[in-house]
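> Pasting the sequence and the predicted model now:
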Number of protein chains: 2
Amino acid sequence: MTHSEENYLKAIFHLGRTRSEAVSTNAIADEMDTKPSSVTDMVKKLSEKGLLHYKKYQGVSLSRMGVRTALSVIRKHRIWEVFLVEKLNFSWDEVHEIAEQLEHIKSEELINRLDEHLGFPKYDPHGDPIPTRDGEYKASHKRLLTEVALNKGGICVGVKDSSAAFLKFLDKSKIALGDEIIIIDREEFDGSLEIKVKNRKLWISSEIAANLFIKTVDA
Amino acid sequence: MTHSEENYLKAIFHLGRTRSEAVSTNAIADEMDTKPSSVTDMVKKLSEKGLLHYKKYQGVSLSRMGVRTALSVIRKHRIWEVFLVEKLNFSWDEVHEIAEQLEHIKSEELINRLDEHLGFPKYDPHGDPIPTRDGEYKASHKRLLTEVALNKGGICVGVKDSSAAFLKFLDKSKIALGDEIIIIDREEFDGSLEIKVKNRKLWISSEIAANLFIKTVDA
DNA sequence: ATAAATATTTAGTTTAGACTAAATATTAGT
DNA sequence: ACTAATATTTAGTCTAAACTAAATATTTAT
């Protein structure tokens, strides 16, 4: 597999998640910042290799093998992102470009050892789930903490209310972007929530919860 | 710079160290496992880019810029090797192939942070010195510990006597391949040496020293 | 239902990096 | 010094991945 082939599979995988029909040539060209004619060429090659299904003018969809390969690349990308943030102290937004390169390093052994070294993280720094070694994967979506079910959780990725008062509250409560938050309990009377953050439990009001976005896998 | 260009510069740098004349087309082809005609093509390109000096039929030598670039790649390679061994517990001999890929990742920031994360190592796991960020580099050579000057040191890379008795001694003394050894003192009377290994000082006889190879930079 | 707009594919070029075979330079042996 | 052996370069081909321009399919709008 070449870098370019891997990038196409990744792009097609992501596009196939949102729109549920076959992925169009133009959509791929847009996503990859290339020309439709180049996409046609590559799509033919990937089709011959059995990585995707392609009928002229009808768009493409990944084969089982294509999905497996795409997930393997996404897994590498996200594990490297965790490494860059956790171990090398890069910030959230600096890591994407470097991970785009690292994801193509060929060594299963390497990525599995890195995974172990990082304590088998479940999410990358942007809150997106990391596919498992054997290709398990559930997509995540950004939602308000009020919409998350009991015992479910995800990564804090943003706030709705960005007032100084709210941000100060978060700071004081030691809740930061990138933290994993899990819902422990929900009080029916006022909708307040008990959550676990960084191995610490605390109660927050439903007003607070309604202003915190987290990325969490679908039910 | 492409991966291939970087690999050529690295190969030419290494060849230029041992033989001191210009490096021949065939030598490069051998080193890179490619054909002489391919080398001629690449050498022309690198010459046009100002990375090396080339006169038809006369071989090549790196320009200042070429040396700088080669050292930057070698630095990356060796720092990644340290990471793989120290942090991911790969063994000595498993790391080369993976580092061959990692050395081409483009990010100065990444390599400098990794260097810091590893505590600014001076040697890679094979005992070869790591070029500094600003291109300082002294080659190292394998020699017996008896030939090393006071206060100098290097990485233990092999034994001359591989008898069970000697290996048992090393094991008991907690001296292993890959350890850094520094000569602290030398007793003129019997040639015995005080050495520092893993922050531990101990005395060894000249017989022991005469059977230990270390890699150390030239005087 | 047909013309216009849009999407996709085909055909032919380009660049990087490799290759083979043939041509030319250099070096070595007598 | 001249021929034989070896080294190097040139010329032309190949593959991957891009591109442009032209051709063809599909979709949309009237």
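Structure received.

> number of nearby residues for A:Tyr123?
The tally of other residues near A:Tyr123 (other C-beta atoms under 10 Å in any protein chain shown) stands at 22. All C-beta atoms are positioned from the backbone trio N, CA, C, and that covers glycine.

> before we move on, what about A:Ile12?
A:Ile12: 29 neighbours (other C-beta under 10 Å).

> Same question for the one 3 residues further on.
Close neighbours of A:Leu15, defined as other C-beta under 10 Å, add up to 21.

> how about it, what does it touch?
A:Val23, A:Ala27, A:Ile28, A:Glu31 (C-beta atoms under 8 Å, 6 or more residues apart in numbering or on different chains).

> Now render these as JSON lines, adding pLDDT, neighbour count and secondary structure.
Shown next, in JSON lines, are the contacts of A:Leu15 (pLDDT from 0 to 100; neighbours: other C-beta atoms under 10 Å in any protein chain shown; DSSP: H, G, I helix; E, B strand; the rest coil):
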{"residue": "A:Val23", "pLDDT": "97", "neighbour count": "24", "secondary structure": "strand"}
{"residue": "A:Ala27", "pLDDT": "97", "neighbour count": "20", "secondary structure": "helix"}
{"residue": "A:Ile28", "pLDDT": "98", "neighbour count": "22", "secondary structure": "helix"}
{"residue": "A:Glu31", "pLDDT": "97", "neighbour count": "17", "secondary structure": "helix"}
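
> Any residue of stretch A:50-65 touching DNA strand C?
Yes. Using C-beta under 7 Å from any atom of the strand, stretch A:50-65 reaches DNA strand C at A:Tyr54, A:Lys56, A:Tyr57, A:Gln58, A:Gly59.

> ranges for the helices of chain A?
Taking DSSP state H, the helices of chain A run over residues A:3-18, A:25-32, A:36-48, A:64-86, A:95-102, A:108-117, A:164-172, A:206-209.

> Please see if the fifth one touches DNA strand D.
Which is helix A:95-102. No. Judged by C-beta under 7 Å from any atom of the strand, helix A:95-102 and DNA strand D are separated, with a smallest distance of 12.9 Å.

> And A:Asp115, how far from B:Phe189?
Remark: distance between A:Asp115 and B:Phe189 (C-beta to C-beta, to the nearest Å) = 55 Å.

> So between those two, which is more surrounded?
A:Asp115 (19 against 6).

> Tell me the residues of chain A that contact chain B?
A:84, A:87-90, A:94, A:97-98, A:101-102, A:105-107, A:109-110, A:113-114, A:117 (C-beta under 8 Å from any C-beta of the partner chain).

> circling back to that earlier point, just the buried ones from the residues of stretch A:50-65 next to DNA strand C?
Using 16 or more other C-beta atoms under 10 Å in any protein chain shown as the burial test, these include A:Tyr54, A:Gly59 as buried.

> tell me the contacts of the closest residue to DNA strand D within chain A?
With C-beta to the nearest atom of the strand, the shortest gap between chain A and DNA strand D falls at A:Thr2, namely 2.9 Å. By C-beta under 8 Å, 6+ apart, the contact set of A:Thr2 is empty.

> ok, back up a step: for B:Asn151, which of the helices of chain A is the nearest?
Nearest to B:Asn151, of all these, is helix A:108-117, at 35.6 Å by C-beta to C-beta.

> Now for the residue nearest to the spatial centre of chain A: which residues touch it?
Taking C-alpha atoms, centre = their mean as the criterion, A:Asp128 is the residue nearest the geometric centre of chain A, at 2.3 Å. Neighbour list for A:Asp128: A:Arg78, A:Ser140, A:Lys215 [criterion: C-beta under 8 Å, 6+ apart].

> circling back to that earlier point, wait, which of the contacts of A:Leu15 is closest to chain B?
A:Glu31 (22.3 Å; C-beta to the nearest C-beta).

> what about the closest residue to the closest one other than its chain neighbours, how many residues close to it?
Excluding the flanking residues, the one nearest A:Glu31 by C-beta to C-beta, 6 or more residues apart in numbering or on different chains is A:Ala11, at 4.6 Å. Neighbourhood size, A:Ala11 [other C-beta under 10 Å]: 21.

> Against A:Asn211, how distant is the residue of chain A most remote from its centre?
Farthest-out residue of chain A from its mean C-alpha position, per C-alpha atoms, centre = their mean: A:Phe189, at 34.0 Å. Counting by C-beta to C-beta, the separation of A:Phe189 from A:Asn211 is 20 Å.

> can you check A:Leu145 too?
Computed as C-beta to C-beta, the A:Leu145 to A:Asn211 distance reads 8 Å.

> can you check A:Cys156 too?
11 Å.

> do the same with A:Glu5
A:Glu5 is 43 Å from A:Asn211, by C-beta to C-beta.

> With neighbour numbers in mind, choose between the two.
A:Asn211 (20 against 16).
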